[in-house]
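dropping a prediction and its sequence here:
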Amino acid sequence: VYSPDSFPSAVTAAGFGSGSEPVSVTLLVNSENTHKQSAAAKIAAALSTSALRVTVEAVPWSDFVSRLKSGRFDLYYGEYKMTADWDLTELLTGSCNYGRYTSADLTALLAAERTAQGSAHDTAAAKLYAAFQAQMPFAPICFERSSVLTVSGVIQGLTPSLTDPFYNLTDWKIRFD
């Protein structure tokens, strides 16, 4: 469990910054998004200790993507839109695994979770998430869920998009009977 109070000692215990100079790393972020730049600056400030110095490098989108794909970064602040079934495959073993993390155990648990049915799925998912938390190949900052829940047939013309659950709201027809 992360604790801001114990972070400096954990960094030192991991062998970083044991000399007189702190370890310096760069946090890569897309320069075209001011909200992400601001969040990256706050994260960098929170992570910087006497043993670790984090600086933010804001680059244009094309450079950001190129550097992620080539692995030319220490840390990055990015966004990933999960699929409706919360499949972690792309993040753990696929094209969005920018840190090139590998774990046979986590890969096997992911495969088991993806193929399990019924109550076996709940057990497989719990094992996957416990292993994910223990290994923590990346650090989720926050989750946002955009969804529309309604009884079938009540709203006609409901066409939510990935980025806007209320897309085309003016065209919706709601039945009250």
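Looks like it arrived, so ask away.

thought residue 31 was touching residue 37?
Yes. The criterion here is CB atoms under 8 Å, and residue 31 meets it with residue 37 at 6.7 Å. Just so you know, the C-beta spots here come from the backbone N, C-alpha and C atoms, and that holds for glycine as well.

what sits in contact with each of these two?
Both residue 31 and residue 37 are in contact with residue 58, where contact means CB atoms under 8 Å, 6 or more residues apart in numbering.

other SSEs contacting the one helix or strand residue 36 maps to?
Using DSSP states H and E, the element containing residue 36 is helix 34-47. Identification of packing neighbours for helix 34-47 by 3 or more CB pairs under 8 Å, 6 or more residues apart in numbering; DSSP states H and E yields strand 23-30, strand 52-59.

next, the buried residues of the last one.
In this case it means strand 52-59. For strand 52-59, a neighbour-count test (16 or more other CB atoms under 10 Å) marks 52-54, 56-59 as buried.

and the lengthiest helix in the chain, which residues are buried?
What stands out as the longest helix in the chain, according to DSSP state H, is helix 119-135. Of the residues in helix 119-135, 124-125, 127-128, 131-132 count as buried by neighbour count, 16+ other CB under 10 Å.

possible to save those residues as CSV with pLDDT?
Shown next, in CSV, are the buried residues of helix 119-135 (pLDDT from 0 to 100):
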residue, pLDDT
124, 95
125, 92
127, 95
128, 93
131, 91
132, 87
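
quick test: name the residue nearest the centre of this structure.
In the chain, the residue lying closest to the centroid (CA atoms, centre = their mean) is residue 140, at 4.1 Å.

where does the prediction get shaky in the chain?
Applying pLDDT under 70 to the chain flags residues 1-4, 17-20, 142-148, 162, 177.

80 - rerun?
The model of the chain has pLDDT under 80 over residues 1-21, 49-51, 83-85, 139-153, 160-167, 175-177.

residues in contact with the helix holding residue 36: which ones?
Under CB under 8 Å, 6+ apart, the answer for helix 34-47 is 4, 7, 27, 29-31, 54-56, 58, 77, 79, 141.

repeat that with 6 Å
For helix 34-47, contacts defined as CB atoms under 6 Å, 6 or more residues apart in numbering pick out 27, 29-30, 54, 56, 58, 77.

check stretch 73-86 too.
Contacts of stretch 73-86 (CB under 6 Å, 6+ apart): 25-29, 36, 40, 67.

need the max-distance pair from the residues you listed.
Pairwise distances across those (CB to CB) peak at 17.6 Å, for the pair 25 and 36.

how about CSV for the buried residues of strand 52-59, with distance to residue 11 added?
As requested, these are exported to CSV (distance: CB to CB, whole Å):
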residue, distance to residue 11
52, 5
53, 11
54, 11
56, 18
57, 20
58, 24
59, 26
